[in-house]
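In: Need a 3D model of the sequence below.
(chains A, B, C, D, E and F)
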Number of protein chains: 6
Amino acid sequence: MTQKLTHVDAQGRANMVDVGDKPETDRIAVAEGYVYMAPETLHLIEEGSLKKGDVLTVARIAGIIGAKKTSDLIPLCHPLPLTKIDVQLELVKEKSAVRIWVRTRTMGKTGVEMEALTAVSVTALTIYDMAKAVDRAMRIGDIRLLEKHGGTHGDYVADEVSNAG
Amino acid sequence: MTQKLTHVDAQGRANMVDVGDKPETDRIAVAEGYVYMAPETLHLIEEGSLKKGDVLTVARIAGIIGAKKTSDLIPLCHPLPLTKIDVQLELVKEKSAVRIWVRTRTMGKTGVEMEALTAVSVTALTIYDMAKAVDRAMRIGDIRLLEKHGGTHGDYVADEVSNAG
Amino acid sequence: MTQKLTHVDAQGRANMVDVGDKPETDRIAVAEGYVYMAPETLHLIEEGSLKKGDVLTVARIAGIIGAKKTSDLIPLCHPLPLTKIDVQLELVKEKSAVRIWVRTRTMGKTGVEMEALTAVSVTALTIYDMAKAVDRAMRIGDIRLLEKHGGTHGDYVADEVSNAG
Amino acid sequence: MTQKLTHVDAQGRANMVDVGDKPETDRIAVAEGYVYMAPETLHLIEEGSLKKGDVLTVARIAGIIGAKKTSDLIPLCHPLPLTKIDVQLELVKEKSAVRIWVRTRTMGKTGVEMEALTAVSVTALTIYDMAKAVDRAMRIGDIRLLEKHGGTHGDYVADEVSNAG
Amino acid sequence: MTQKLTHVDAQGRANMVDVGDKPETDRIAVAEGYVYMAPETLHLIEEGSLKKGDVLTVARIAGIIGAKKTSDLIPLCHPLPLTKIDVQLELVKEKSAVRIWVRTRTMGKTGVEMEALTAVSVTALTIYDMAKAVDRAMRIGDIRLLEKHGGTHGDYVADEVSNAG
Amino acid sequence: MTQKLTHVDAQGRANMVDVGDKPETDRIAVAEGYVYMAPETLHLIEEGSLKKGDVLTVARIAGIIGAKKTSDLIPLCHPLPLTKIDVQLELVKEKSAVRIWVRTRTMGKTGVEMEALTAVSVTALTIYDMAKAVDRAMRIGDIRLLEKHGGTHGDYVADEVSNAG
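Out: Got it, this is the predicted structure:
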């Protein structure tokens, strides 16, 4: 097997990858994740949403802000000037979960999948925070990359996107 | 049903809970999560670990730093001076996953579960970042609170801690 | 005149005030401010508010997050663990303005008026940002402290609170 | 009326505008604001200024640092690498105020007016902080955009620049 | 030898020390450092200082802000609410250097020496930044702890304080 | 003498240099520094290094993260999107010191020497933090720029690179 972890050099030391010689290209990444909860918790969020939408709005805004902090949170991540962060939330009753879907974009030398995954994570944590007083057993899960476009390694589209989770 | 979301006021607006009149008590929280991956990816991380341990160390450090950023990431979270953040990682071959276990502690007016869950999330994202070049299909999941002690609402211990995941 | 600027020492150098010997007391501050705009702009915000409330919610959340960043923004400000940040918005048609009202609280050695004023400012800037494409001539103004309680210097209540602006 | 708030999508949800397809152009913004205060307070600042300049220098530096934090403070703001931030202060005795004037510049896909307005606000808050022990009734106001150049929407110059306030 | 590195546990993993059971006591630390430079560079800084003091003021403010960021910069450092940060600068012609002296204070469970040393470092870097166009060969050095008081380990006073450097 | 401090304008006020008209070129900087300590302290770090490498890894990661925070720490520094940060550590027994060597790179309008020097400083502070319980008398020093390439001012290579310290 010839593959190796890109952030670990020949001496086994963690390192930032040098992207200085890579061209700037249009980069897009899409990621998703879920916050699984009791049906009554989902119902409370839905009711709030019908009135004012605050819980979901706060979580979406937290995700957008979180995406902008990615290189501050992930040690070996390069700073990237995001041109777009789109966070969408969906109440999925059959899973008793809130689904988080994020799309990030930049013109840059490296991909934006960490930004998308970070936005999903921070959105999920914020939903947990706002609902935790009624449901401590919520579970954040199935966070994964759905798509990645642009860059020298070619596109990536995850298997089984339709029945994720 | 009399329960309601604590961060949403009577008008449906999101708000920070007022903890000004709560006593300072010793607070502890424990959380866990997993990064599921291909067996070969787990093997690569294990090999690195046997040589220098860098991947796991970087991820653990990122989780500790992440815990300290919790109130910066979660909009309605109170700032808390953590007295201890313990991040432990375990390679779980039967699940083909890295298990992340975090324990946080403070002397404060409110709990530290968001800090523990944030540390788990940032640790997981960092593992993803360092291994993503060899495995884009990794999945972050089963992030949940295991225990919570201290405070006026009593202790919480999750069900089925032994077979989490 | 015997008064002097507390942050400037005998040599004229700016300095952080030493609060190490001050007792921790319950501190509260209230501040307000306005974003003045064209009536049509206020109308657009009001319409959005009736549907989903997003503009006002984003601005309120930005203000809460901003309050937590106060000591990071104001060089000589002490870090304070806020126990409550309350941001309220009101559409004031007779002034053609959005009124921002903030109340902050902590148990600390120094006051929380800078936190309240910072929250007002960041909320105002966020309203400007979200409406600037339709109205570049908006004006942020009349930001001031309304009340301050707790601490050794006694309470403060601003004159003419009722007809502020 | 066909205008709408750019940060609110068709469903009324707040969103970051996608600037990915906009060209990078030279962008400049100019903004101003005032801190109104008692004449004696202005006199104290002036005296300090004559000796060491510290109050005004601290406020100017805070404004420069604040401009760099704009996308961290304003949720839907894009991160922009500023190439220049110029903060100037003027003691205006006839208004009994400190006038703050800021000019920001970048080569980017979107404008820098939020950076200029944020710098004005943080500068004003810092002046308030340093003088608040002698004058709690200071008022921050008349913060507005004076000029905006570059970008696809054309230039903007505010009315009545000469007698601002 | 029975001493060991406190941040490394029995398995050799880096960890945050648990200070949860330590009492809050009054903590003070004093540190110093130097920026060595060409005599002409020192002369330029001195001239600026005589006029407006800006270079030294900017560096002092940067040091104060830097002290507040310590737990954000040093991974295993606990967040501490500093009650005082004092940064003083002295032009030392016989060493052709700017001497930086910092004193930090808190009421906390752990010491503030990292805050003092971080303030010295950031002050030094800022001096370097502002003078680098005329002198790239400047050297930052002799950063060390001078005194430490409070806490369970007893006081510490460095040897040879008088002829530091 | 016609040289002047670039960050101080004609009125003696500190200012950010305008780099808006400078071209983007490939920029590289190399810097070094030392943490001098008792031989037994160096021995303890070396032993840790042989087992798991954690002390040195934590310090290296802190340096990489620190480099990304440069424009947040140094008031008049421009934000720069680093494409590479390389931090290397060496135990130098004859000096009883850890040597820190950092190389930074970007495609930008201004140099990356502050990023390299900041990374050296934060790495050094982290080593101090982790070893301070056994050796309070450590000294951080001889931080300097070794090389600088790219940009309009030409290259810079420090004298006596071979016997630095």
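In: Find the residue at the geometric middle of chain A.
Out: The residue lying closest to the centre of chain A (CA atoms, centre = their mean) is residue A:117, at 2.5 Å.
In: What's the biggest helix in chain A, counting residues?
Out: Ranked by residue count and defined by DSSP state H, the top helix of chain A is helix A:113-131.
In: Wondering if the helix or strand following it reaches chain D at all.
Out: Moving toward the C-terminus from helix A:113-131, the next helix or strand (DSSP states H and E) is strand A:139-149. No: Strand A:139-149 stays clear of chain D (CB under 8 Å from any CB of the partner chain), getting no nearer than 12.0 Å. C-beta: built from backbone N, CA, C; applies to glycine.
In: in its sheet, what does strand A:139-149 sit against?
Out: With DSSP bridges as the test, strand A:139-149 is paired with strand A:25-36 (antiparallel), strand A:156-157 (antiparallel), strand B:139-149 (antiparallel).
In: and the angle for it with helix B:113-131?
Out: If you take axes from the mean of the first three to the mean of the last three CA atoms, to 10 degrees, strand A:139-149 sits at 30 degrees to helix B:113-131.
In: got the buried residues for strand A:139-149?
Out: Neighbour-count burial for strand A:139-149, with 16 or more other CB atoms under 10 Å in any protein chain shown as criterion, is recorded at A:139-149.
In: wait, the residue nearest to the centre of chain A sits on residue A:143?
Out: Yes: applying CB atoms under 8 Å, one finds residue A:117 in contact with residue A:143, separated by 6.3 Å.
In: Any idea which helix or strand in chain A has the lowest mean pLDDT?
Out: Ranked by mean pLDDT, DSSP states H and E, the weakest helix or strand in chain A is helix A:39-51, scoring a mean of 85.
In: That one: which residues count as buried?
Out: Neighbour-count burial for helix A:39-51 [16+ other CB under 10 Å]: A:41-42, A:44-45, A:48-49.
In: Indicate whether stretch A:66-80 makes contact with chain E.
Out: No: judged by CB under 8 Å from any CB, stretch A:66-80 stays clear of chain E, getting no closer than 9.1 Å.
In: Run the chain-centre distance for that stretch.
Out: Put simply, stretch A:66-80 sits 12 Å off its chain's centre (CA atoms, centre = their mean, to the nearest Å).
In: average model confidence for that stretch?
Out: Stretch A:66-80 carries an average pLDDT of 96.
In: Where does the prediction get shaky in chain A?
Out: The model of chain A has pLDDT under 70 over residues A:1-2, A:49-53, A:160-165.
In: change it to 80
Out: Within chain A, the stretches with pLDDT under 80 are A:1-4, A:10-12, A:48-53, A:152-153, A:160-165.
In: So which bits of it are right by chain E?
Out: So chain A never meets chain E (CB under 8 Å from any CB).
In: returning to that earlier point: output the strands paired with strand A:139-149 in a markdown table; the columns should cover distance to residue D:15.
Out: Listed next are the strands paired with strand A:139-149 as a markdown table, based on distance: least, CB to CB, whole Å:
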| stretch | distance to residue D:15 |
| --- | --- |
| strand A:25-36 | 16 |
| strand A:156-157 | 24 |
| strand B:139-149 | 25 |
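In: Pull up the overlap in contacts between residue A:117 and residue A:143.
Out: In terms of CB atoms under 8 Å, 6 or more residues apart in numbering or on different chains, residue A:117 and residue A:143 are both contacted by the residues A:31, B:140.
In: picking up where we left off before, can you tell me if the longest helix of chain A touches chain B.
Out: Yes: counting by CB under 8 Å from any CB, chain B has neighbours in helix A:113-131: A:113-114, A:117-118, A:121-122, A:124-126, A:128-131.
In: Most neighbours among these, please name it.
Out: When the residues of helix A:113-131 next to chain B are compared by neighbour count (other CB atoms under 10 Å in any protein chain shown), residue A:121 ends up highest, at 34 neighbours.
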